[in-house]
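Colleague: Predicted model follows, preceded by the sequence.
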Amino acid sequence: MELKLEIAVIPVSDVDRAKGFYEQAGFRLDADFSTDKGLRVVQATPPGSEASIIFGEKLTSALPGSSYGLHLITRDLAAARDELREKGIDVSPIWHDADGIFHYEGDYNRVPGPHPASDSYGSYASFSDPDGNTWTIQQIVTRAPGR
């Protein structure tokens, strides 16, 4: 069986503000549909991704800003961070987890700078959308076997 992640629903309070933010961040706008019953669906795709996000009106009962730990990957974290900052996105400095395994939610166990022993899976930068939904960018240069 093959299953691929297609869409993650992001809860937002202001659809147009979120749409502007994600377009500013370089996400491709794929759709913006509304129905006469008040349903609005905006779909956006991160650059290079096969999976997308959707947000809108009447899509989820989750509280705006309650999506934590959304992850994006890149081969060059410093370049991705610089590009987002040039687009006006407030991105954290690059960091890694002190234990070197993965990372905790929030700032716990964070060490400034890239992981000193690995260029893949250990270095991160993070940002939030206007509602506080959190995104982590992880550098992966070489995938682990089988992934």
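Modeller: The structure has been received and is ready for your questions.
Colleague: Which parts of this protein are strands?
Modeller: Assigned by DSSP state E, the strands in the chain fall at 7-9, 28-34, 40-45, 52-57, 70-74, 95-97, 110-112, 123-128, 134-139.
Colleague: what stretches of the chain score poorly on pLDDT?
Modeller: Within the chain, not a single segment meets pLDDT under 70.
Colleague: Which residue ranges make up each domain of it?
Modeller: When the chain is parsed with automatic domain parsing, its domains come out as 1-62, 68-147.
Colleague: now those as a markdown table including mean neighbour count?
Modeller: C-betas here are computed from N, CA, C, even on glycine. Output for the domains of the chain, formatted as a markdown table (neighbours: other C-beta atoms under 10 Å):
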| stretch | mean neighbour count |
| --- | --- |
| domain 1-62 | 15 |
| domain 68-147 | 15 |
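Colleague: any idea how far the nearest residue to residue 38 once chain neighbours are set aside is from residue 35?
Modeller: Distance criterion C-beta to C-beta, 6 or more residues apart in numbering; nearest residue to residue 38, sequence neighbours excluded, is residue 58 at 5.5 Å. Counting by C-beta to C-beta, to the nearest Å, the separation of residue 58 from residue 35 is 9 Å.
Colleague: What of residue 75?
Modeller: Residue 75 is 40 Å from residue 35, by C-beta to C-beta.
Colleague: Contacts only, for residue 115.
Modeller: The contact partners of residue 115, by C-beta atoms under 8 Å, 6 or more residues apart in numbering, come to 96, 100, 121-123.
Colleague: Please read the previous query as pertaining to residue 95.
Modeller: Counting by C-beta under 8 Å, 6+ apart, residue 95 has contacts 110-113, 123-126.
Colleague: I'd like those written out as a markdown table, with distance to residue 144 added.
Modeller: Putting those into a markdown table (distance: C-beta to C-beta, whole Å) gives the following:
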| residue | distance to residue 144 |
| --- | --- |
| 110 | 22 |
| 111 | 22 |
| 112 | 25 |
| 113 | 22 |
| 123 | 15 |
| 124 | 16 |
| 125 | 21 |
| 126 | 22 |
